[in-house]
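A.B. asks: Turn this into a model:
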Amino acid sequence: MQLNTLSMVHDFLKRSVHPGAFCIDATAGKGRDTALLCRLAGETGRVLAFDVQPEAVAQTKALLTAEHLTAEVILDSHANMERYAAAGTADCIVFNFGRLPGGDPSIFTQADSSVAALEAALRLLKPGGVIAVALYYGGANGYGERDAVLSWLEGLDDRQFSVLRCDWANRRNDPPMPVFIWKER
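C.D. replies: Okay, here's the model as predicted:
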């Protein structure tokens, strides 16, 4: 298996999410991260998944049904996740910024709502909780979201959060960046 952003994020989740966890997939897409979070949190856990595209919500629900998994899949923006969860309750929140693979290429996450969603995620995260981000950029969605997210990350208080940002030094064509955030206890 080649090391890539998705494998790094999934390895991080497997090490961080335990049975009974409350997890949020802020950008459900095809539902693969949602399904992984459901398996990791187990029957005693809770998983919320968000997407703004009806197609993504349908694909996520279909995958969960096929794998006999349960999550609350919500047609809404990741920026609105605080409407569905209380502050300080989430163990893990996952983001894939960019667009839905195979979906409408004109629909992709935007800097303003993504930064607002990250801010909400920090408020939802419990002490010791984690955030995993796969930051896709370039192409139709350009570099504005990437630059806004990276700038926002640099401003986080290092007494409250640890941020690890990775990039691929020898990969061409705008490879996605994995980003990991830990909330101090």
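
A.B. asks: Looking at strand pairing, list the partners for the spatially most central residue of the chain.
C.D. replies: The chain has residue 95 as the residue nearest its centroid, 1.6 Å off, counting by C-alpha atoms, centre = their mean. Taking DSSP bridges as the rule, residue 95 bridges to residue 133.

A.B. asks: Going forward, count from 262.
C.D. replies: Noted, 262 is the first residue going forward, which turns the last one into residue 356.

A.B. asks: Surely it touches residue 342?
C.D. replies: No: with contact defined as C-beta atoms under 8 Å, residue 356 and residue 342 do not form a contacting pair (10.5 Å). Any C-beta I mention is one placed from the backbone N, CA and C, and that applies to glycine too.

A.B. asks: how close does residue 317 get to residue 265?
C.D. replies: Distance of residue 317 to residue 265, computed by C-beta to C-beta, to the nearest Å: 21 Å.

A.B. asks: re the thing from before, dump the residue contacts of the residue nearest to the centre of the chain.
C.D. replies: Applying C-beta atoms under 8 Å, 6 or more residues apart in numbering to residue 356 gives the contacts 287-288, 339, 375, 378-379, 382, 392-395.

A.B. asks: Now secondary structure, distance to residue 420 and neighbour count too, for those residues, in TSV please.
C.D. replies: Listed next are the contacts of residue 356 as TSV, based on DSSP: H, G, I helix; E, B strand; the rest coil; distance: C-beta to C-beta, whole Å; neighbours: other C-beta atoms under 10 Å:
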residue	secondary structure	distance to residue 420	neighbour count
287	coil	25	27
288	coil	28	27
339	helix	26	27
375	helix	24	26
378	helix	23	24
379	helix	18	24
382	helix	18	26
392	strand	17	25
393	strand	21	22
394	strand	21	27
395	strand	26	21
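
A.B. asks: Could you save those residues as JSON lines and add columns showing pLDDT and distance to residue 346?
C.D. replies: Shown next, in JSON lines, are the contacts of residue 356 (pLDDT from 0 to 100; distance: C-beta to C-beta, whole Å):
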{"residue": "287", "pLDDT": "97", "distance to residue 346": "11"}
{"residue": "288", "pLDDT": "94", "distance to residue 346": "15"}
{"residue": "339", "pLDDT": "94", "distance to residue 346": "12"}
{"residue": "375", "pLDDT": "91", "distance to residue 346": "18"}
{"residue": "378", "pLDDT": "95", "distance to residue 346": "12"}
{"residue": "379", "pLDDT": "97", "distance to residue 346": "15"}
{"residue": "382", "pLDDT": "98", "distance to residue 346": "10"}
{"residue": "392", "pLDDT": "98", "distance to residue 346": "14"}
{"residue": "393", "pLDDT": "98", "distance to residue 346": "17"}
{"residue": "394", "pLDDT": "95", "distance to residue 346": "18"}
{"residue": "395", "pLDDT": "92", "distance to residue 346": "21"}
